[in-house]
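Undergrad: here is my input, please return the structure:
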Amino acid sequence: MFDKIGDLPLHPLVVHAAVIGIPLAALMAFLFAFPKTREWARWPLAITVVGATAVTFVARESGLALEAALGIKPGNPVGDLIVQHSMLANQAFYIMIGFAVIGLLNVFLVSKRAADGAAKQSAILRIGLPILLVAAAVVALVWVVRIGDLGARAVWNPTAPSLFPF
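TA: Numbers count the residues shown, from 1 in each chain. Model (predicted):
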């Protein structure tokens, strides 16, 4: 199901949706964190964070299918990079689930502004949840760059130095 579209492997096609969707969801999270842009960013945040999580799942599954179809095994530079790439992709999927949950909690629980006449919110909702949202967005951004670095090195230059020493 997650291996091909026609005769083309699905993974290189779908991974670009994650590469665009995750930073877009992070941008919406940053905009939501500011009370002045919160109402504008509320529903775009919900849509992008859920959509980015969905495409992350499809990218992960299609990558596993591509790895199996090509018979990639560790023990050579490309195989070792693909194993690391796959491990980070698994982590990214769980990071995106957390990001989506935190994003949706913000969308539904954080009011527009504390100064509004609406019921006063606790500091945890008003300040804590948006801070947690920004932290989750930063982690998701770092992971998508790390995954992309490993994937690009595996395809184009397996002996190149990593952008991330960790």
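Undergrad: need phi/psi at Thr159.
TA: phi -100, psi 0 (degrees, to the nearest 10).
Undergrad: so what's it up against?
TA: Pro77 (CB atoms under 8 Å, 6 or more residues apart in numbering). (Glycine included, C-beta is placed from N, CA and C.)
Undergrad: likewise for Leu66?
TA: By CB under 8 Å, 6+ apart, the contact set of Leu66 is Asp3, Pro9, Leu10, His11.
Undergrad: in the helix or strand encompassing Ile20, what's buried?
TA: Assigned by DSSP states H and E, Ile20 belongs to helix 10-33. Using 16 or more other CB atoms under 10 Å as the test for burial, helix 10-33 gives 10-11, 14-15, 17-19, 21-33.
Undergrad: and if you look at stretch 150-166?
TA: For stretch 150-166, a neighbour-count test (16+ other CB under 10 Å) marks Leu150, Gly151, Arg153, Ala154 as buried.
Undergrad: same question, stretch 84-95
TA: Within stretch 84-95, the residues that count as buried by 16+ other CB under 10 Å are Gln84, His85, Ser86, Leu88, Ala89, Ala92, Phe93, Ile95.
Undergrad: ok, the third one to Pro12 distance?
TA: Meaning Ser86. 15 Å (CB to CB, to the nearest Å).
Undergrad: and Glu61, by the same measure?
TA: Distance from Glu61 to Pro12, by CB to CB: 14 Å.
Undergrad: let me know the next secondary structure element after the helix ranked longest in the chain.
TA: As assigned by DSSP state H, the longest helix anywhere in the chain is helix 35-70. Note on helix 35-70: by DSSP H and E, the next helix or strand toward the C-terminus is helix 77-109.
Undergrad: tilt between that following helix and helix 10-33?
TA: Helix 77-109 runs at 40 degrees relative to helix 10-33, counting by axes from the mean of the first three to the mean of the last three CA atoms, to 10 degrees.
Undergrad: next up, the contacts around Ala25.
TA: Listed by CB under 8 Å, 6+ apart, the contact partners of Ala25 are Leu45, Thr48, Val49, Gly51, Ala52, Phe99, Gly103, Ala137, Ala140.
Undergrad: count of residues packed around the first one?
TA: Translated: Leu45. 27 (other CB atoms under 10 Å).
Undergrad: ditto for Ser122
TA: Ser122 has 9 neighbours, counted by other CB under 10 Å.
Undergrad: with the one 3 residues further on instead?
TA: The local packing count at Leu125 equals 16, with neighbours defined by other CB under 10 Å.
Undergrad: isn't it right up against Leu132?
TA: No. Judged on CB atoms under 8 Å, Leu125 makes no contact with Leu132 at a distance of 10.7 Å.
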